[in-house]
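Asks: structure of the sequence below:
(chains A and B)
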Protein chains: 2
Amino acid sequence: MDLALAEARRAVEQGEVPIGAVVVIDGEVVSARHNERESTADPTAHAEILALRDAAAALGTSRLDGAVLVSTLEPCPMCAGAAVMARVARVVFAAEDPKAGACGTLYNLGADPRLNHNFEVAAGVGRDESAALLKDFFAARR
Amino acid sequence: MDLALAEARRAVEQGEVPIGAVVVIDGEVVSARHNERESTADPTAHAEILALRDAAAALGTSRLDGAVLVSTLEPCPMCAGAAVMARVARVVFAAEDPKAGACGTLYNLGADPRLNHNFEVAAGVGRDESAALLKDFFAARR
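Replies: Down below sits the predicted model:
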């Protein structure tokens, strides 16, 4: 989570919403990205999507068996859906997202037995720092 | 939908699951893509994600106001979530997806008032052809 939070801080420097994500497999960090929606004008450029794509590219496979997706904010439906597609084993996030959270708040995609893959969810590590980064970012924008 | 179905047929030639998607804005086709998960090893390379990204790149904005996302299969949570992120006005799909459909079957993300954007959904145009393409593809693989 420290690495994901570092990515989130890097996002702020670039005028991006401070959200960072990391993919860990067998205890090794395979990818680390932050939100790039503003700079790329790509509606799918959330930190989690970018980190999952990087990890798949690094491993040469779309199935990230055993992977842990670590994010500073609870993944939205798009990103939680991507975690299902990538077949990650676990999602760890820092702060809950009351507006779009899809790993327990509004939806819980990783626990839906109708989907073809499920994953574990753990929340809370780094919550205060992640929430403070987001709060400061949006306060400064107003 | 004819263009999306043509993309789906192109996918078959490349050994990809036959799903095509098109983004239309103001009556003009802005992007047309098919599933590329196999060839790219990218877990997010669904036709809809690729078409939305292409459309945003073509327009230079992540907000595809007024856009119609046309897909030969009902978008999954990842793709329907991307349609929310891209703020499309409407999703049109051919065949329902009982295993992952997130535009009315398992979920209905575009109609969830808790999310920060909603979109209309229309289904059924081209259903038989889309379903036949998918059925034939998976039958040939067995």
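Asks: list, one by one, the residues from chain A near chain B.
Replies: The interface of chain A toward chain B, taken as CB under 8 Å from any CB of the partner chain, is made up of A:37, A:40-46, A:49, A:52-53, A:56-57, A:60-64, A:76-82, A:84-87, A:99-100, A:102, A:106-107, A:109, A:112, A:114-116. In this view, the C-beta of every residue, glycine as well, is placed from N, C-alpha and C.
Asks: and those residues, which of them are in helices?
Replies: Among these, DSSP state H puts A:37, A:40, A:49, A:52-53, A:56-57, A:77-82, A:84-85 in helices.
Asks: returning to that earlier point: now a ChimeraX select for only the buried ones of the residues of chain A next to chain B.
Replies: Selection of buried members from the residues of chain A next to chain B for ChimeraX, criterion 16 or more other CB atoms under 10 Å in any protein chain shown:
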select /A:37,40,41,42,43,44,45,46,49,52,53,56,62,64,76,77,78,79,80,81,82,84,85,86,87,100,102,106,107,109,112,115
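Asks: wait, isn't residue A:25 in contact with residue A:67?
Replies: Yes: with contact defined as CB atoms under 8 Å, residue A:25 counts as touching residue A:67 (4.9 Å).
Asks: what about the two, which has more around it?
Replies: residue A:67 (26 against 18; other CB atoms under 10 Å in any protein chain shown).
Asks: and the more buried one, how far is that from residue B:37?
Replies: Look at residue A:67 and residue B:37: by CB to CB, to the nearest Å, they are 16 Å apart.
Asks: circling back to that earlier point, where do the contact lists of residue A:25 and residue A:67 overlap?
Replies: residue A:55 (CB atoms under 8 Å, 6 or more residues apart in numbering or on different chains).
Asks: and the longest helix seen in chain A, what's buried?
Replies: Identified as the longest helix of chain A according to DSSP H is helix A:127-141. Under the neighbour-count criterion of 16+ other CB under 10 Å, helix A:127-141 has A:127, A:129, A:130, A:133, A:134, A:137 buried.
Asks: can you name the residues that contact the spatially closest residue to residue A:60 that is not a sequence neighbour?
Replies: If you skip the residues right next to it in sequence, residue A:60 has residue B:41 as its closest partner in space, 5.6 Å away by CB to CB, 6 or more residues apart in numbering or on different chains. Residue B:41 makes contact with A:56, A:57, A:60, A:61, A:62 under the criterion CB under 8 Å, 6+ apart.
Asks: got the residues you listed as CSV, with pLDDT columns?
Replies: Output for the contacts of residue B:41, formatted as CSV (pLDDT from 0 to 100):
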residue, pLDDT
A:56, 98
A:57, 98
A:60, 97
A:61, 97
A:62, 96
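Asks: closest to residue A:16 out of these?
Replies: residue A:57 (21.0 Å; CB to CB).
Asks: quick check, the closest one in contact with residue B:44.
Replies: No: Residue A:57 lies out of contact with residue B:44 (CB under 8 Å); the separation is 11.0 Å.
Asks: could you check how far residue A:66 is from residue A:75?
Replies: Distance from residue A:66 to residue A:75, by CB to CB: 18 Å.
Asks: and those two? Which one has more around it.
Replies: Set side by side, residue A:66 and residue A:75 show more neighbours around residue A:75, with 31 against 12, by other CB under 10 Å.
Asks: just the pLDDT for the more buried one.
Replies: Looking at residue A:75, its pLDDT stands at 98.
Asks: test my guess that it contacts residue A:103.
Replies: Yes: Residue A:75 lies in contact with residue A:103 (CB under 8 Å); the separation is 5.4 Å.
Asks: overlap in contacts of these two?
Replies: Residues touching both residue A:75 and residue A:103 (CB under 8 Å, 6+ apart): A:91, A:93.
Asks: chain center to stretch A:69-84: distance?
Replies: Its chain's C-alpha centre and that of stretch A:69-84 lie 5 Å apart, by CA atoms, centre = their mean, to the nearest Å.
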